[in-house]
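Student: Give me coordinates for this.
(one chain, ligands or ions: 1)
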Amino acid sequence: MNAISQLRVLAIAGSLRKESYNKRALLLAANIARESGASVTIAENELLQLPLFNEDTLGEQIPNSVLQLKENIQWADALFIATPEYNHSIPGVLKNALDWASIQTNPFNGKIGAIFGASIGINGSLRAQLHLRQILTALGVHVIEQPQVFIRNAAHAFTPEGLLVDKQDEQLLTQLIEKTLNITELLKKGLQ
Ligand code: FNR
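Tutor: Residues are numbered from 1 along each chain as shown. Coordinates of the predicted model:
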């Protein structure tokens, strides 16, 4: 067992859709990380299905669903987030989850983040990723700068087996995941 096998990754897709292209991309990223020996938890839809955040309720007990999300984030050394693009930004369901999880204690602080995404347009969720990068930076996540992975024309980007058609996309995603794990491992070693 090598050191990377100790790494824990929480993988989140910003889409609840059953046939989501971002879920497909996330699964590919998870497989790459698992091949490197990392332990990857893929967030099920339930983890993002939270009440709408309302600051008025902050004096009340935090819902169990939110506590569970916060625990999953806390558990992880690194986060993978695959985001769709909705109206040039991230989907509300993802923003709602990020806002809820940041309440009271911030489990994101100091984590390493790999973001990528797929959209049916020609930008491959580029604008959503810019917003996601900004939000995660506000939460204290060290978001890997390069390579950036924009899966364009997503309806035609995957083979029936769920692989990426474009070999360059596949290469970039692999590079992003390997770099994320390497940096996470270095940081973890430095903290021991
Ligand atoms: C979209 N879509 C979209 N695509 C894009 O490239 N740029 C955009 O701004 C938007 N805006 C947008 C808004 C809303 C409300 C919806 C429902 C969709 C299309 C989007 O890329 C497509 O639905 C993807 O399939 C969503 O990702 P998943 O669910 O497949 O992961």
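Student: make it CA atoms for all contacts and neighbour counts henceforth
Tutor: OK.
Student: Kindly provide the distance from the closest residue to residue 99 other than its chain neighbours to residue 94.
Tutor: Sequence neighbours aside, residue 53 is the residue nearest to residue 99 in space, at 7.4 Å (criterion: Cα to Cα, 6 or more residues apart in numbering). When Cα to Cα, to the nearest Å is applied, the distance between residue 53 and residue 94 equals 12 Å.
Student: Same question for residue 180.
Tutor: Taken as Cα to Cα, the spacing of residue 180 relative to residue 94 amounts to 21 Å.
Student: So these two - more neighbours on which side?
Tutor: residue 180 (25 against 21; other Cα atoms under 10 Å).
Student: Let's verify the more buried one: helix, strand, or coil?
Tutor: Following DSSP: H, G, I helix; E, B strand; the rest coil, we place residue 180 in the helix state.
Student: pLDDT below threshold where in the chain?
Tutor: Residues of the chain that meet the criterion pLDDT under 70 lie in 1-5, 192.
Student: Now do the strands for it: every range, in order, please.
Tutor: 8-13, 39-42, 78-82, 112-118, 142-143, 150-151 (DSSP state E).
Student: mind listing what the longest one pairs with, with the direction of each?
Tutor: Here strand 112-118 is paired, per DSSP bridges, with strand 78-82 (parallel), strand 142-143 (parallel), strand 150-151 (parallel).
Student: distance between stretch 92-106 and the chain's centre?
Tutor: The gap between the average C-alpha position of stretch 92-106 and the chain average comes to 13 Å, counting by Cα atoms, centre = their mean, to the nearest Å.
Student: Likewise for stretch 133-145?
Tutor: The chain centre lies 11 Å from the centre of stretch 133-145; the measure is Cα atoms, centre = their mean.
Student: go on, stretch 17-33?
Tutor: Going by Cα atoms, centre = their mean, where stretch 17-33 is centred and where its chain is centred differ by 10 Å.
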